[in-house]
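Q: Fold the following for me, if possible:
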Amino acid sequence: MLKQKRVLMLLAPVLLGLLGCGYGLIGRTSNLPEDVNSIFVETLQNRTTRSRIELQLTQSIVDELVTRRRYTIVRSKAEADAVLSGALTSFIVRPVQFGADGRATEYEITIRADMELARTGSDEILWGQDDYVFKGDYELQLEDNTVFEFEDATIEVVGRRFAQSLVIDLLEGF
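A: Numbering: from 1, shown residues only. Here you go, the predicted model:
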């Protein structure tokens with residue numbers, strides 16, 4: 001017990017120092033100008049071979065921005081301080097792990113997009129990322145030898161993770 005108190009006493013100054021050094025939680029800050037309060041999210045352009053993926057990913061971006069609560073998501077450019085737009089340039093699904101029967105059980109999904117946040121009126125680019133790349137591994141749970149039932153659910157999960165990554169990069173300027 002006495003030994004634990006000594007360790008705690010030695011670690012206390014280090015922990016207090018870390019609290020004051022400027023570190024914060026990822027995704028809770030913003031490098032955007034203070035006067036940007038409303039954002040219009042255009043439906044992403046789809047330059048991939050995967051149909052309707054732009055709708056799911058656009059909705060995921062809107063949902064992620066809504067969780068930030070600092071920004072109001074508006075329905076038109078006229079109402080917005082800034083417009084987020086982009087084009088999906090690639091959606092690649094690659095098997096990375098296989099089961100005993102030789103069928104893929106895990107896939108790597110890569111999404112590439114050209115993204116931009118511009119101030120309305122002046123078209124000043126506040127943030128831009130050409131060839132934004134998101135990668136993630138996803139397990140596929142096969143039941144009754146069907147894959148198609150899981151495609152929409154997987155794209156929904158991928159969309160949420162893509163949007164989380166994109167919005168953090170956009171807000172924090174990475």
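
Q: Tell me, how many residues neighbour the closest residue to Gln45 other than its chain neighbours?
A: What sits nearest to Gln45 in space, not counting adjacent residues and going by Cβ to Cβ, 6 or more residues apart in numbering, is Ala87, at 3.8 Å. C-beta: built from backbone N, CA, C; applies to glycine. Residues within reach of Ala87, counting by other Cβ atoms under 10 Å, total 16.

Q: is it true that Ala87 touches Ala113?
A: Yes - Ala87 lies in contact with Ala113 (Cβ atoms under 8 Å); the separation is 6.4 Å.

Q: Need the residues touching each of the two.
A: Counting by Cβ atoms under 8 Å, 6 or more residues apart in numbering, the contacts common to Ala87 and Ala113 are Leu44.

Q: got the contact list for Tyr71?
A: Val36, Asn37, Ser38, Ile39, Leu65.

Q: actually Leu170, sorry about that
A: Per Cβ under 8 Å, 6+ apart, neighbours of Leu170: Leu32, Leu84, Met115, Leu117, Trp127.

Q: what do you get if the cut-off is 7 Å, keeping everything else the same?
A: Neighbour list for Leu170: Leu117, Trp127 [criterion: Cβ atoms under 7 Å, 6 or more residues apart in numbering].

Q: confidence score at it?
A: You'll see Leu170 listed with a pLDDT of 93.

Q: all strands in the protein, in order from the N-terminus.
A: Secondary structure of the chain by DSSP state E: the strands cover 38-41, 45-46, 72-74, 82-98, 104-119, 125-139.

Q: Against which helices or strands is the second one packed?
A: Same thing as strand 45-46. Judged by 3 or more Cβ pairs under 7 Å, 6 or more residues apart in numbering; DSSP states H and E, the packing partners of strand 45-46 are helix 53-68, strand 82-98.

Q: before we move on, the earlier item: which among the contacts of Tyr71 count as buried?
A: Val36, Ile39, Leu65 (16 or more other Cβ atoms under 10 Å).

Q: Touching, Leu57 and Thr43? I think so.
A: No - using Cβ atoms under 7 Å, Leu57 makes no contact with Thr43, being 9.4 Å away.

Q: Looking at these two, which one has more neighbours?
A: Leu57 (26 against 13).

Q: Setting aside sequence neighbours, what's the nearest residue to the more buried one?
A: Gly159 (5.0 Å).

Q: same question, Glu64
A: In space, Glu64 is closest to Ala163, 4.0 Å off (Cβ to Cβ, 6+ apart).

Q: Can you give me the distance of that neighbour to Tyr132?
A: 12 Å (Cβ to Cβ, to the nearest Å).

Q: do the same with Thr43
A: 17 Å.

Q: same deal with Thr110?
A: Counting by Cβ to Cβ, the gap from Thr110 to Tyr132 is 11 Å.
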